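Undergrad: need the 3D shape of this:
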Amino acid sequence: MRLPSESTQQGEIDMDREDVGDVTEGCFIVVKLSCVGGKSAKYYVAKVVEACEEEEDGEESYEVNFLRQSAKVPGKFVFPDVEDASEVEARFIVKVLPPPVHQNKMTKRQNQFVSFDCGLSYCE
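TA: Take a look at the predicted model:
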């Protein structure tokens with residue numbers, strides 16, 4: 001996995017930006033999860049299912065379904081056969097992604113893949 005660097009390539013999302021974007025139901029997001037000890041982190045793509053009630057500490061959270069990167073088609077994401085659902089606090093959301101790219105005349109099999117018109121090399 002490659003983490004985003006300070007100098008991003010054209011089309012690459014800058015993960016250091018403070019502006020996460022407007023998180024709404026149905027949108028796709030990038031979630032940053034730190035490993036135990038906090039020395040390294042991984043980035044995951046997820047689809048927001050719904051906003052959860054605010055916690056007592058005022059922290060917003062969202063019910064999401066995580067996608068996995070396709071092993072067969074680079075740059076594409078798929079929903080796993082077994083749903084990977086979780087509740088994610090807003091502070092772990094680093095970016096709202098643009099809507100997925102859809103191509104015309106896609107077969108049912110091709111339609112299972114989700115891709116975005118931006119660089120997601122840090123999710124590899």
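
Undergrad: hey, let's count contacts and neighbours off CA atoms from now on
TA: OK.

Undergrad: from residue 63, how far out is residue 53?
TA: Residue 53 sits 10 Å away from residue 63, going by C-alpha to C-alpha, to the nearest Å.

Undergrad: let's verify residue 91: helix, strand, or coil?
TA: helix (DSSP: H, G, I helix; E, B strand; the rest coil).

Undergrad: residue 53 and residue 63 - which one has more neighbours?
TA: Legend: neighbour count by other C-alpha atoms under 10 Å for residue 53 and residue 63, higher for residue 63 (18 against 11).

Undergrad: which one is that one nearest to, not counting chain neighbours?
TA: What sits nearest to residue 63 in space, not counting adjacent residues and going by C-alpha to C-alpha, 6 or more residues apart in numbering, is residue 87, at 4.4 Å.

Undergrad: that's a strand at that neighbour, yeah?
TA: Yes - the assignment for residue 87 is a strand, going by three-state DSSP.
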